[in-house]
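dropping a prediction and its sequence here:
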Amino acid sequence: MNKKKLLYLNLSTNEKDISLGFSNSWLSKFADEFESVDLISLNKSSNNQTKFKNVNIFGIAESEKLSKIDKYLKLKNLVKDLTRKNDYAICFSHMSPLLSIIANWYNKNKKTISILWYTHPTPKELIKKIVLYMSLFFNNQIVTASESSFPYFSKKVNVIGHAIDYDSFLIKKTNVSNNDFVILSRISKSKNLELSIDCFLKSKFNQYSITVIGDAVTDTDMEYKAFLTEKYKSKNNVIFKGMIPHKELPDVLKSYSYHINSTPPGFYDKTVLETLAAGIYNFYLNADYDKHFDPKSLKYTKFSSKQNSLTDLLNSVYELNDNKILEIISFAQNSVSKESVETISDRVLSTVEN
């Protein structure tokens, strides 16, 4: 494969971004594969302009206050200008279906191969649904993290797993040091945080603490955060810690032993993989995580949406001995090593290699 020039499209280069702080790790792996990379970002951080020797960063700066239309026009013109001046071997779009369509349109008379990474449920807005569906026709390949994380069926869709900084998060545990819980998640109704917290409070673990690490992003999320804060204000063991810079998470996670993820199919959250790498025991709802556990252990890790399912599961694990808990953690920890960021560029590019 020709690996001279890559056009890379993403949403952010800001390491402190709540949801996308890991994106520079991805960029660094692709930069190792190509002679030069042109990156167009919706949120360009000035701190990263010279971080990568062979990467040119374009896009909308954090300081620019532009309307949605103005942002679209600026990004469109950037794509148009760069594709006119350069012959790209690959155009890789990370969670940017619209940019991938625009880039493909301007590259239509060239031999550029287009790949879209997308891992999320179906968008709620009609226009976003249409754009995502159109991306199936404009891109050569779609890559996604799990069987349920791309909402449309197509032979172009390739399930390749996620990409976490496994080595940074890795902690080999020899004991269960405490019974404190963490929920590593954006604060949003879609994450079912109430289910996690309420079931924890009804379980035998309720004498310990549960901490939510993450913050609200949209105005709707802000309202939900205010609701949660008010609902649990009398519970001293329910803690809202807020956003932690992604690079600081491995050290922060050392303080916890258990993690709950109550998101439904469609959300293959990398937070589950990161906490597993950190030696944290996970409880989850989405069957996409089954592959990381010994089938005989699923009765101790997976719950359903039925009432009291999570509470009953928590109570059963409360009675487990430490050796069994460590055995379940070790199996999952070894499994998620296959989804390390170290191999993400290889896994993505393998979908178009001859």
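Received it, and whenever you're ready, just let me know what you need. Numbers count the residues shown, from 1 in each chain.

could you use CA atoms for every contact and neighbour count after this?
OK.

what's the spacing between the residue nearest to residue 302 when sequence neighbours are not counted and residue 123?
Leaving out its chain neighbours, the residue that sits closest to residue 302 by C-alpha to C-alpha, 6 or more residues apart in numbering is residue 284, at 5.1 Å. Going from residue 284 to residue 123 by C-alpha to C-alpha, to the nearest Å gives 23 Å.

before we move on, back to that, pretty sure the residue nearest to residue 302 sits against residue 258.
No: between residue 284 and residue 258 there is no contact under C-alpha atoms under 8 Å: 11.0 Å.

helices and strands around the longest helix along the chain, which ones?
Using DSSP state H to define each element, the chain has its longest helix at helix 68-85. Applying 3 or more C-alpha pairs under 8 Å, 6 or more residues apart in numbering; DSSP states H and E, one finds that helix 68-85 makes contact with strand 36-44, strand 55-61, helix 97-106.

hmm, who's touching the helix or strand that that helix is followed by?
Sequence order places strand 90-94 as the next helix or strand after helix 68-85, per DSSP states H and E. Contact with strand 90-94 is made by 3, 5-11, 99-100, 103, 112-118, as judged by C-alpha atoms under 8 Å, 6 or more residues apart in numbering.

likewise stretch 32-48?
When contacts are defined by C-alpha under 8 Å, 6+ apart, stretch 32-48 is touched by residues 3-14, 31, 54-62, 75, 78-79, 345.

repeat for stretch 279-295
146-148, 170-173, 256-265, 267-268, 272, 275-276, 298, 300-305, 325, 328-333, 335-336.

neighbour count winner among residue 284 and residue 123?
Using other C-alpha atoms under 10 Å as the criterion, residue 284 and residue 123 rank with residue 284 on top: 23 against 13.

partners of residue 7 in the sheet?
residue 38, residue 91 (DSSP bridges).

so who does it touch?
37, 38, 39, 40, 88, 90, 91, 92.

show me the helices in the stretch 201-350 of the chain, by range?
According to DSSP state H, counting those that start in this stretch, the stretch 201-350 of the chain carries its helices in the segments 219-231, 249-252, 270-277, 309-318, 322-336, 344-349.

if we can go back for a sec, distance of the residue nearest to residue 302 from residue 265?
According to C-alpha to C-alpha, residue 284 and residue 265 sit 11 Å apart.

repeat for residue 222
Computed with C-alpha to C-alpha, the distance linking residue 222 and residue 265 is 24 Å.

cool, and residue 303?
13 Å.

ok, the two, which is more surrounded?
Neighbour comparison, residue 303 and residue 265: the larger count goes to residue 303, with 21 against 17 (by other C-alpha under 10 Å).

what is residue 182 paired to in the beta sheet?
residue 211, residue 259.

contacting residues for it?
210, 211, 212, 213, 256, 257, 258, 259, 260.

next: residue 173.
By C-alpha under 8 Å, 6+ apart, the contact set of residue 173 is 279, 326.

burial measure for the nearest residue to residue 254 once chain neighbours are set aside, as a count.
Spatially, and ignoring its direct neighbours in sequence, residue 254 is nearest to residue 278 (7.4 Å; C-alpha to C-alpha, 6+ apart). Neighbour count for residue 278, taken as other C-alpha under 10 Å: 26.

now do the same for the residue nearest to residue 255 when sequence neighbours are not counted: its pLDDT.
Distance criterion C-alpha to C-alpha, 6+ apart; nearest residue to residue 255, sequence neighbours excluded, is residue 180 at 7.7 Å. Per-residue pLDDT puts residue 180 at 98.

I'd like the distance between residue 180 and residue 211.
Residue 180 sits 8 Å away from residue 211, going by C-alpha to C-alpha.

kind regards, and thank you for your time.
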